[in-house]
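Chemist: Got a sequence here, can you build the structure:
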Amino acid sequence: MKYVLMKAPLCAADITDGSERAEYVPQKYILEVTGRPHRAINLMYEYHPHDKNWPQMGRLINKHYRRDRRTNGYFPYMALDKGHTNCEPFNHMRDIRKFGQDVQLTMTFDLNVSDEKLIKIAQDLNTFGYLEFRINHECNGHWFTFNKENSYKQVSDFFVRFHNILHQYAPNVKTNACFNGVGKDKGAEEHMKEDELAPLFRCADILSFDMYHSLHWGWPHDGYDPVRLGAKGKIKKVEKAYQISYDEWWDVLYRFVDLMLKVNNGVQKDIYLGEANTDADVVGLEEQGGWVDEIYSQIKKRNHPWLKGITYYQFRDRGGLGLEYELDEDKTKSRANPALDTYKKVIVDEYFNLQLEIQKEEVNEAELEWKSAREAKGVYLEKSIPSSINKCYLKINSDINAIIKINERWFHKSPADKKINISPALNRRDKIKIAIFSPPSKGENVTDKHNPDYLNNYKSRLKETQITLI
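Modeler: Next comes the predicted model:
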């Protein structure tokens, strides 16, 4: 048994799970479908406590939640109202981290939220390790409540204020400033003056860019009727939509990168594609799969060191953006879209996949460490079995929580599990390659008297004799 290190991909494959367009899907299901954990899972929430009827969720009518209050359509952030974190989005965040993934939290805010409440939000996030916080994303736009009711300077001032609070009360949280690319004719410099959004992008830890190759922005009010779907899953007539070429898509992104260099005085910060996709309502289901293959291939070929990740928006959707389509008659069920198979192939490419580095040192007992999906230490070993075996279980005689890579496929072991069925990973080899990592068993970094650094580094122990095949 040897140590193995987990490192960040060259460009992380991240994904959004749940939004105004879909319900949250448990990570167990997503892992089983995609075959590997993501680097990060993006969640969409909002906090508007001064709204009339807050936090009323509303009724799902014609694919969209109807509410009697101001809204951006996202799920309500409930912890401050309830006075505890046994609620959303924290239950989803725990689920994400149990499966060895980092949280990317996107939230829109009422800008009048007090420092006292922002401090409480930061304190509640402090036990969730490395977390990327997209605050009031697409801040150069005009469609969200915070832009409709406030100036760009006020949006920037709020971000800077919250950024400073997070750095003080939750130092593992990294703030993410998000810009929206809205097409080839939109000037990237708009609203980027010193008395508008420039200070926001200068103070942020991470920069992100939301850019769609095509988007049915009138969804669900325009062109919803499924009767009008063509043979390839394309809506025959969509009025409120746009589509640009691949070259135009890259041109808009490069203009953003140049602008950020100017704003940050020549310092190149990490950039993520915070939301990226093409809309099947506009291009059709088959073409959506083609976009996945093409854009991920282009990202790998261009190999920009500043582009650290791409977040596919999103796993499941009631419109044309999902790898799966959420069924109207039962929101817990879905059907796979053609893009899913393509996505599963591209994310196992070494350019987008989690990087594992096997160490030389042999150990009989190991201390496993989990800082994030970008930095973790696990164990690696190989086991020999006859190639004729087609059913096999991995037994770990320990109550650790674990994500386990068997050959090329990943599995999850909960603390209650003593064995897991690894038969789907068998591929007629004489040797099975096993890598085991142990993310927080409760999904957050709880107090550990034996580990004073528990907020930064979750630790557990495992002996080689506790690992067997049956």
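Chemist: hey, let's count contacts and neighbours off CA atoms from now on
Modeler: Noted.
Chemist: Contact partners for the residue lying closest to Leu215 once chain neighbours are set aside?
Modeler: What sits nearest to Leu215 in space, not counting adjacent residues and going by CA to CA, 6 or more residues apart in numbering, is Asp279, at 5.0 Å. Residues near Asp279 by CA atoms under 8 Å, 6 or more residues apart in numbering: Tyr212, His213, Ser214, Leu215, His216, Gln288, Gly320, Leu321.
Chemist: State the distance from Asp279 to Leu323.
Modeler: 11 Å (CA to CA, to the nearest Å).
Chemist: Now do the helices in the protein.
Modeler: 27-34, 79-82, 90-98, 115-125, 145-148, 152-169, 198-203, 246-263, 280-283, 285-302, 338-346 (DSSP state H).
Chemist: Any chance of JSON lines for the contacts of Asp279, columns neighbour count and pLDDT?
Modeler: Compiled in JSON lines, these are given as follows (neighbours: other CA atoms under 10 Å; pLDDT from 0 to 100):
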{"residue": "Tyr212", "neighbour count": "22", "pLDDT": "95"}
{"residue": "His213", "neighbour count": "22", "pLDDT": "95"}
{"residue": "Ser214", "neighbour count": "22", "pLDDT": "95"}
{"residue": "Leu215", "neighbour count": "22", "pLDDT": "94"}
{"residue": "His216", "neighbour count": "25", "pLDDT": "92"}
{"residue": "Gln288", "neighbour count": "28", "pLDDT": "96"}
{"residue": "Gly320", "neighbour count": "28", "pLDDT": "93"}
{"residue": "Leu321", "neighbour count": "26", "pLDDT": "96"}
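Chemist: can you tell me which of those lies nearest to Asp124?
Modeler: Of all the contacts of Asp279, Asp124 sits closest to Leu321, with 31.5 Å by CA to CA.
Chemist: Quick check: the closest one touching Asn277?
Modeler: Yes. Assessed by CA atoms under 8 Å, Leu321 is found in contact with Asn277 at 6.9 Å.
Chemist: shared neighbours of those two, which are they?
Modeler: Taking CA under 8 Å, 6+ apart as the criterion, Leu321 and Asn277 both touch Tyr313.
Chemist: Report the beta-bridge partners for Lys377.
Modeler: Bridge pairing for Lys377 (DSSP bridges) gives the partners Leu5, Glu369.
Chemist: Quick one: residues contacting it.
Modeler: Lys377 sits in contact with Tyr3, Val4, Leu5, Met6, Leu368, Glu369, Trp370, Phe437, where contact means CA under 8 Å, 6+ apart.
Chemist: Any chance of TSV for those, columns distance to Thr175 and pLDDT?
Modeler: Formatted as TSV, those follow (distance: CA to CA, whole Å; pLDDT from 0 to 100):
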residue	distance to Thr175	pLDDT
Tyr3	32	98
Val4	29	98
Leu5	26	98
Met6	23	98
Leu368	28	98
Glu369	24	98
Trp370	21	98
Phe437	27	98
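Chemist: Pick out the one among those residues with the largest number of neighbours.
Modeler: Phe437 (26 neighbours; other CA atoms under 10 Å).
Chemist: quick one, what contacts that one?
Modeler: By CA under 8 Å, 6+ apart, Phe437 lies in contact with Leu368, Glu369, Trp370, Ala376, Lys377, Gly378, Val379, Ala402, Ile403, Ile404.
Chemist: hang on, the earlier thing: okay if I get the contacts of Lys377 as TSV plus distance to Glu189?
Modeler: As requested, the contacts of Lys377 are exported to TSV (distance: CA to CA, whole Å):
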residue	distance to Glu189
Tyr3	48
Val4	45
Leu5	41
Met6	38
Leu368	47
Glu369	43
Trp370	40
Phe437	44
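Chemist: Taking these together, which two end up most distant?
Modeler: Tyr3 and Trp370 (12.9 Å).
Chemist: Narrow the contacts of Asp279 to those in strands?
Modeler: Per DSSP state E, strands hold the following members of these: Tyr212, His213, Ser214, Leu215.
Chemist: tell me which of the contacts of Lys377 is nearest to Ser334?
Modeler: Closest to Ser334, out of all of those and judged by CA to CA, is Phe437, at 30.5 Å.
Chemist: who's the closest one bridged to?
Modeler: Ile403.
Chemist: Please apply the same query to Asn421.
Modeler: With DSSP bridges as the rule, Asn421 is bridged to Tyr393.
Chemist: hang on, the earlier thing: kindly reformat the contacts of Asp279 as TSV containing distance to Pro386.
Modeler: What follows is the contacts of Asp279, written out as TSV (distance: CA to CA, whole Å):
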residue	distance to Pro386
Tyr212	49
His213	48
Ser214	50
Leu215	51
His216	53
Gln288	42
Gly320	46
Leu321	44
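Chemist: The helices of the chain: which one's closest to His191?
Modeler: helix 152-169 (7.0 Å).
Chemist: If you count contacts, what does that closest one end up packed against?
Modeler: helix 115-125, strand 173-180, helix 198-203 (3 or more CA pairs under 8 Å, 6 or more residues apart in numbering; DSSP states H and E).
Chemist: Mind putting those into CSV with mean pLDDT?
Modeler: Below are the helices and strands packed on helix 152-169 laid out as CSV (pLDDT from 0 to 100):
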stretch, mean pLDDT
helix 115-125, 98
strand 173-180, 97
helix 198-203, 98
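Chemist: looking at those, which is buried most?
Modeler: Most buried of the helices and strands packed on helix 152-169, by mean neighbour count (mean count of other CA atoms under 10 Å): strand 173-180, with a mean of 25.
Chemist: got the contact list for that one?
Modeler: Contact with strand 173-180 is made by 125-126, 129-141, 163, 166-167, 200-201, 204-211, 274, as judged by CA under 8 Å, 6+ apart.
Chemist: Try it again at 7 Å.
Modeler: Strand 173-180 is contacted from outside by 130-135, 137-141, 163, 166, 200-201, 204-211, using CA atoms under 7 Å, 6 or more residues apart in numbering.
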